[in-house]
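A.B. asks: below are the sequence and a predicted model for it; my questions follow.
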Amino acid sequence: MKVLIADDHGIVRSGLRMLLEQQADIEVVGEASDGAEARDMAIRHKPDLAILDVKMPKLTGLQATREIRAQAPDVSILILSMYDDERYLFEALKAGASGYVLKAQADSDLLDAVRAVQRGEPFLTPEAQRALIQDVLGEGSAREDELTPREQEVVKLVAEAHTNREIAEILHLSEKTVENHRSNAMKKLGMRDRVELVRYAIRKGLIEP
Amino acid sequence: MRRQNLLTQVLVANLLLMVAAVIALAIAGNPSLNVSEHPQLALILALAVALMILVNVLMLQRRFRPLERLVEEMERVDLARPGANLLSPTDGLGASEEVDRLNRAFRRMLERLEAERRRTSSTALAAQEQERARVARDLHDEVNQSLTALLLRLEAARAKAPVEVAHELAETKALANQAMEELLMLARQLRPTALDDLGLKAALSGHVKELGRRSRIATSFDSEGDFSGLPADVQLVAYRVAQEALSNAIQHSGADHVRVTLRRPGDRVELTVEDDGSGFTFDQATRGLGIAGMRERALLVGGDMHVESRPDSGTRVRLTVPLEAADTPGEWKRNGHQRSPSTRPTGR
């Protein structure tokens, strides 16, 4: 089983590699240190599984998940997260991830999750299952984001102070398209400048404050 | 040297002048007059002096009363309760121009002091919040990533270690797990990210639930009204006050149950934290229950804190923040937190 790992912390990547490579049938085929790199590598190398940290520069783990699922649907994805927060869990599943593993429980859950994905099953902890059930039975998750996933990607990169040209390069789009997404996003959010956009991005967990 | 009060000093001076004047007058009127030969004259003189002293005392006392009242008021001033200081105007009857000026100058100084105090405590609290956010981020981004790496490596080592070592490694791993959870909790307390992401109601509800799970006190949370679109600083103050009051209830009150209520009657926000514990006396309250800190924060958003507690009848902390007044202190917002116009509580 070929696995790609992506985390912006080198020590976490090396820990992941160490644990995974102990398994005779798992081979780590690449390490990425940001979301855009992870997406590119996933599309290029077509691993069986990509393990993505939820918070990374350039593209978040969730944004990378959406793109990978769209362009390489055979690559399964596990999200690795520090956040014991059901919002991220729901977003991850919506983006197309097969599972959500907390870093604080990665030692015991990670291999289980990898094996579940290998069998073609989703991986959810009992707490995650409970949260999902409550969400379905409760008020429902009728809180759609105002922005399209593409617009969110542009917003994150704008907030990270990339120029339109750089954004176009990272997202493999034309500069004109980036400009369109950017102005659409601003219009939808009723914002005038980058400062407001940065605040929005922080609030949405797109970037670290 | 013992200081005499102003009234006595003026009286003594006046008295000496009067006596001197009377004697001078008597001698000037009749240089050959011998007082000892005319005892009734001496009596009249003495009576005149006594009368003058009496009139003098009465008049001076009246003049000095506003000054005394002003001094009393100055001694009572409590900067932690702005507004309350200016309730009794002393510029009433009989105040001389100087006293009146002194009074007004004092009032102006008091206003400046209050403004200055608001500004500095607002800056200090904003700086504190920023520092907390930074520490929380470091815990999250650095320390916890290292712990994650440690966990993963321990697990890797455990899998290939001989049985007796594997057991030890599993225990070590449990310790790392525990450290990580404690750190995450600490980071959450330092900077409740849920507050930025989900808004006051959801963040508070989550915090109350979490405390109920971790302590032996039963906790409950009720809310009534719409809390979306609250200014970020009001949300933060309400959250911090609730946090402090809850921590008091859990650590000191010995209560079985603590209830948090968030309401929005009209144009204000009302937070109540009440427990059925042992209560506390005023004396204990002044010693480190953080009540001064809560009050300080409440002031920043123009809010009012009310603590009711008697030994053996529980404690109720109520915070009321009027929503227009929340706009006044600017420092806080600029330094600390952005307003979140679209913060939407998500019902969970």
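C.D. replies: Received, thanks.
A.B. asks: grab the nearest non-local neighbour of the closest residue to chain A within the stretch 101-250 of chain B.
C.D. replies: Scanning the stretch 101-250 of chain B for proximity to chain A using Cβ to the nearest Cβ identifies B:Leu152 as nearest, at 3.2 Å. To be clear about C-beta, it is placed using only N, CA and C from the backbone, and glycine gets the same treatment. The shortest distance from B:Leu152 to any residue that is not its chain neighbour, by Cβ to Cβ, 6 or more residues apart in numbering or on different chains, is 3.2 Å, and that residue is A:Gly15.
A.B. asks: can you name the residue of chain A nearest to chain B?
C.D. replies: When Cβ to the nearest Cβ is the measure, chain A has its nearest residue to chain B at A:Gly15, with 3.2 Å between them.
A.B. asks: ok so that residue is a strand residue?
C.D. replies: No: if the criterion is DSSP: H, G, I helix; E, B strand; the rest coil, then A:Gly15 is helix and not within a strand.
A.B. asks: okay, now the unreliable bits of chain A?
C.D. replies: For chain A, the stretches with pLDDT under 70 are A:138-146, A:209.
A.B. asks: which positions in stretch A:3-14 come out as buried?
C.D. replies: A:Val3, A:Leu4, A:Ile5, A:Ala6, A:Asp7, A:Asp8, A:His9, A:Ile11, A:Val12, A:Arg13, A:Ser14 (16 or more other Cβ atoms under 10 Å in any protein chain shown).
A.B. asks: closest one to B:Val321 out of those, please.
C.D. replies: Proximity of the buried residues of stretch A:3-14 to B:Val321 was ranked by Cβ to Cβ; the top entry is A:Asp8 with 39.3 Å.
A.B. asks: let's verify that closest one: helix, strand, or coil?
C.D. replies: A:Asp8, by the three-state scheme (three-state DSSP), is coil.
A.B. asks: count of residues packed around B:Ala133?
C.D. replies: Counted with other Cβ atoms under 10 Å in any protein chain shown, the neighbours of B:Ala133 add up to 18.
A.B. asks: contacting residues around the residue of chain A closest to chain B?
C.D. replies: With contact set as Cβ atoms under 8 Å, 6 or more residues apart in numbering or on different chains, A:Gly15 has these partners: B:Thr148, B:Ala149, B:Leu150, B:Leu151, B:Leu152, B:Arg153, B:Ala156.
A.B. asks: run the last query once more with 10 Å
C.D. replies: By Cβ atoms under 10 Å, 6 or more residues apart in numbering or on different chains, the contact list for A:Gly15 reads A:5, A:7, A:9, A:106-107, A:110, B:145-146, B:148-156.
A.B. asks: now swap in A:Lys2 and tell me
C.D. replies: Contacts here follow Cβ under 10 Å, 6+ apart; on that basis A:Lys2 touches A:Ile26, A:Glu27, A:Val28, A:Val29, A:Gly30, A:His45, A:Lys46, A:Pro47, A:Asp48, A:Leu49, A:Ala50, A:Val75.
A.B. asks: you'd agree the third one is in a strand?
C.D. replies: What it means is A:Val28. Yes: secondary structure of A:Val28 (three-state DSSP): part of a strand.
A.B. asks: identify the bridge partners of it.
C.D. replies: Here A:Val28 sits in beta bridges with A:Val3, going by DSSP bridges.
A.B. asks: neighbours of it, how many?
C.D. replies: Burial of A:Val28 is recorded as 18 neighbouring residues (other Cβ under 10 Å).
A.B. asks: do stretch B:216-231 and chain A meet?
C.D. replies: No: Stretch B:216-231 stays clear of chain A (Cβ under 10 Å from any Cβ of the partner chain), getting no nearer than 11.9 Å.
A.B. asks: then that stretch to CSV, C-alphas only?
C.D. replies: As requested, C-alpha coordinates have been extracted for stretch B:216-231 and formatted as CSV (Å, rounded to 0.1, in the frame of the first residue of the first chain):
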residue,chain,number,x,y,z
ARG,B,216,-17.8,16.4,40.2
ILE,B,217,-20.2,19.3,40.0
ALA,B,218,-23.3,19.0,37.8
THR,B,219,-23.4,21.9,35.3
SER,B,220,-26.2,23.2,33.2
PHE,B,221,-26.5,25.8,30.5
ASP,B,222,-29.6,27.7,29.4
SER,B,223,-29.9,30.4,26.9
GLU,B,224,-32.7,32.6,25.6
GLY,B,225,-32.5,34.9,22.7
ASP,B,226,-30.3,35.5,19.7
PHE,B,227,-26.6,36.1,20.3
SER,B,228,-25.3,36.3,16.8
GLY,B,229,-23.7,39.6,15.9
LEU,B,230,-22.6,40.5,19.4
PRO,B,231,-19.4,42.6,19.4
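A.B. asks: so for that stretch, mean pLDDT?
C.D. replies: Stretch B:216-231 shows an average pLDDT of 85 in the prediction.
A.B. asks: buried set for it?
C.D. replies: For stretch B:216-231, burial by neighbour count (16+ other Cβ under 10 Å) applies to B:Ile217, B:Thr219, B:Phe221, B:Ser223, B:Phe227, B:Leu230, B:Pro231.
A.B. asks: and the strands in chain A, which stretches?
C.D. replies: Counting by DSSP state E, the segments of chain A that form strands are A:2-6, A:27-32, A:49-53, A:76-81, A:99-102.
A.B. asks: just these: most buried one?
C.D. replies: Comparing the strands of chain A by mean neighbour count (mean count of other Cβ atoms under 10 Å in any protein chain shown), strand A:49-53 comes out on top with a mean of 28.
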